[in-house]
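Student: Coordinates for the following, if possible.
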Amino acid sequence: MSIAICAIVNDGIVLGSDSAATTHLEDGSLQAYGRCQKVFSLHEKTPLGAIVIGLSDIAGHSVSNLMYELSERLQGRRRDHRTWRIDPESVTVEEVAERLKQLLFDETYRPAIEEMESDHPLICYIAGYSKHSQQPEFIEYGFQKDEVIGPTIARPKNTARITYGGTYEGALRLDFGFSPQLSAALTELGIVKEDEIQDVMQKVQERVRQPMLFPGTPLAEAARVVNFLVETQIQFSEFTPDPDLVGGAVQLATISPRSGFRWLHHPEENHPD
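Tutor: Okay, here's the model as predicted:
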């Protein structure tokens, strides 16, 4: 698993992830890698991007190559998929999210379910701006076996929002001020009743959380926050006893109506010396 973060402020959107990946070998063991692309630009002329985590390949198909194929189809560069071409003058984020679901799930993931050795879900974040809109949009899909979770659609307005996916306990401890396992510990120990835990945790969060993002945070500063959170999770994973599920270099990009999709930390820059 990996970490995926989508942060939204009034100024734009930040996409961040790590670069670690594991693959199943024929003898049943796992091989770990540290340079797997997880953040993607979807179209050269539109403010759209995506994060895909959970699997690095699907039945022999690299997720990176599948996302490249999606981009090529959306830009009208595949003769046999001309109907997939999107018009930059009328594109919507929902339209692009549906195309991603068609390629990754309908065409690739679902037909390979019986062959797949991993039961990890494929988590997809699609974010950006529909044409003629200043409103950021965020859509989440989850694919696990024959189940499609989503789309979950959000159009936050005048708010600072951070969405976490994958493995994120270290980052969430930093952001919220406590472990995401705290609520379960309190109920298991009998300190708080189950029907009261949600209200108690909300009050604890209000008391101890120190917000790092605000609606008016500049996009460049929001990117620094996301970079910090991803780095924190990478270090947390490295130094805690559990297997290193998160690692490698940080991948980071911003999206805004005025600048489109912009790389801050490009995965191709993380090459061997």
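Student: low-scoring stretches of the stretch 51-200 of the chain, by residue?
Tutor: 117-118 (pLDDT under 70).
Student: could you measure M67 against L100, distance?
Tutor: 8 Å (CB to CB, to the nearest Å). Glycine gets a C-beta too; all of them are placed from N, C-alpha and C.
Student: joint contacts of those two?
Tutor: Contact criterion CB atoms under 8 Å, 6 or more residues apart in numbering; residues shared by M67 and L100: A50.
Student: where does I5 land on pLDDT?
Tutor: Per-residue confidence (pLDDT) for I5: 98.
Student: Report how many residues lie close to H43.
Tutor: 20 (other CB atoms under 10 Å).
Student: Quick one: residues contacting it.
Tutor: Listed by CB under 8 Å, 6+ apart, the contact set of H43 reads 71, 74-75, 86, 88, 91, 96.
Student: how about the helices in the protein?
Tutor: Here the chain has its helices, by DSSP state H, at 63-74, 93-101, 169-176, 182-188, 197-208, 219-239.
Student: who's in contact with the first one?
Tutor: Contacts to helix 63-74, defined as CB under 8 Å, 6+ apart, come from residues 36-37, 40-43, 50, 52, 55-58, 78, 81, 84-86, 96, 99-100, 103-104, 108, 122.
Student: In ChimeraX, select just the buried ones from those residues.
Tutor: This is the ChimeraX syntax for the buried subset of the contacts of helix 63-74, where burial follows 16 or more other CB atoms under 10 Å:
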select :36,37,40,41,42,43,50,52,55,56,57,58,81,84,86,96,99,100,103,104,108,122
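Student: The contacts of helix 63-74 in strands, which ones?
Tutor: Using DSSP state E, the members of these that fall within strands are 40-41, 50, 52, 57-58, 122.
Student: would JSON lines of the residues you listed with distance to D175 be doable?
Tutor: As requested, the ones in strands among the contacts of helix 63-74 are arranged in JSON lines below (distance: CB to CB, whole Å):
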{"residue": "F40", "distance to D175": "24"}
{"residue": "S41", "distance to D175": "26"}
{"residue": "A50", "distance to D175": "22"}
{"residue": "V52", "distance to D175": "23"}
{"residue": "D57", "distance to D175": "31"}
{"residue": "I58", "distance to D175": "31"}
{"residue": "L122", "distance to D175": "25"}
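Student: Which one of those is nearest to A185?
Tutor: Using CB to CB, L122 comes nearest to A185 of those, at 30.0 Å.
Student: now the closest one: how far from H132?
Tutor: Counting by CB to CB - L122 and H132 are separated by 31 Å.
Student: Check G190 too.
Tutor: From G190 across to H132, the span is 55 Å (CB to CB).
Student: and if you look at A160?
Tutor: From A160 to H132 the distance is 24 Å (CB to CB).
Student: Have a look at those two and say which one is more surrounded.
Tutor: Legend: neighbour count by other CB under 10 Å for A160 and H132, higher for A160 (18 against 9).
Student: ok, the more buried one touching E221?
Tutor: No: between A160 and E221 there is no contact, the gap being 11.0 Å when judged by CB atoms under 8 Å.
Student: Can you report how many residues neighbour A20?
Tutor: Using other CB under 10 Å, A20 has 25 neighbouring residues.
Student: Quick check: nearest residue in space to it, chain neighbours excluded?
Tutor: Excluding the flanking residues, the one nearest A20 by CB to CB, 6 or more residues apart in numbering is G247, at 3.8 Å.
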